[in-house]
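> test case, fold it:
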Amino acid sequence: MDDIQTEGRKKNGAEPLGKPDALTPEADVKKVGDQERRSAGPDGPDAAEVGDTFKRQP
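Below is the predicted model of the structure:
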């Protein structure tokens, strides 16, 4: 695997990007990645819902 770690990720001790292990299918990796792009965090709601909260007038 190519060294795709950025300096910031190395300093933070982050895991390298890509598949978590050799047994995980590429389709599962893509599915989880797509889900996370739409969410506000690992346990959060849709990212748009969070953004809209700050746009509403009190």
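> backbone torsions only: list them for the residue most central in space within the chain.
For the chain, the residue lying nearest the average C-alpha position, counting by CA atoms, centre = their mean, turns out to be residue 36 (4.8 Å). Residue 36 has phi and psi values of phi -70, psi -30 when expressed as degrees, to the nearest 10.
> how close does it sit to residue 47?
10 Å (CB to CB, to the nearest Å). Quick note: C-beta positions are derived from backbone N, CA and C, even for glycine.
> and if you look at residue 19?
24 Å.
> next: residue 13.
From residue 13 to residue 47 the distance is 26 Å (CB to CB).
> ditto for residue 5
On the measure of CB to CB, residue 5 and residue 47 end up 26 Å apart.
> same thing with residue 56?
16 Å.
> quick one: mean pLDDT for the helix or strand containing residue 34?
Here residue 34, judged by DSSP states H and E, is contained in helix 26-38. Averaging pLDDT along helix 26-38 gives 83.
> just list what it packs against, helices and strands only.
Packed against helix 26-38, as judged by 3 or more CB pairs under 8 Å, 6 or more residues apart in numbering; DSSP states H and E, are no other helices or strands.
> okay, and for this structure, where does confidence drop off?
For the chain, the stretches with pLDDT under 70 are 1-4, 40-44, 58.
> what do you get if the cut-off is 50, keeping everything else the same?
Residues of the chain meeting the criterion pLDDT under 50: 1.
> tell me where it has helices.
Ranges of helices within the chain are 7-12, 26-38, 47-55, based on DSSP state H.
> the inter-axis angle of the second one versus helix 47-55?
Our comparison of helix 26-38 with helix 47-55, counting by axes from the mean of the first three to the mean of the last three CA atoms, to 10 degrees, yields an angle of 10 degrees.
> pull the CA atoms of helix 26-38 into PDB?
Taking Å, rounded to 0.1, in the frame of the first residue of the first chain, the C-alpha atoms of helix 26-38 are listed here in PDB:
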ATOM      1  CA  GLU A  26     -14.400  -2.800  -1.100                       C
ATOM      2  CA  ALA A  27     -18.200  -2.300  -1.400                       C
ATOM      3  CA  ASP A  28     -18.600  -2.200   2.400                       C
ATOM      4  CA  VAL A  29     -15.800   0.400   2.700                       C
ATOM      5  CA  LYS A  30     -17.500   2.600   0.000                       C
ATOM      6  CA  LYS A  31     -20.900   2.100   1.700                       C
ATOM      7  CA  VAL A  32     -19.600   3.300   5.100                       C
ATOM      8  CA  GLY A  33     -17.700   6.200   3.500                       C
ATOM      9  CA  ASP A  34     -20.900   7.400   1.700                       C
ATOM     10  CA  GLN A  35     -22.900   7.200   4.900                       C
ATOM     11  CA  GLU A  36     -20.300   9.200   6.900                       C
ATOM     12  CA  ARG A  37     -20.200  12.000   4.300                       C
ATOM     13  CA  ARG A  38     -24.000  12.500   4.900                       C
END
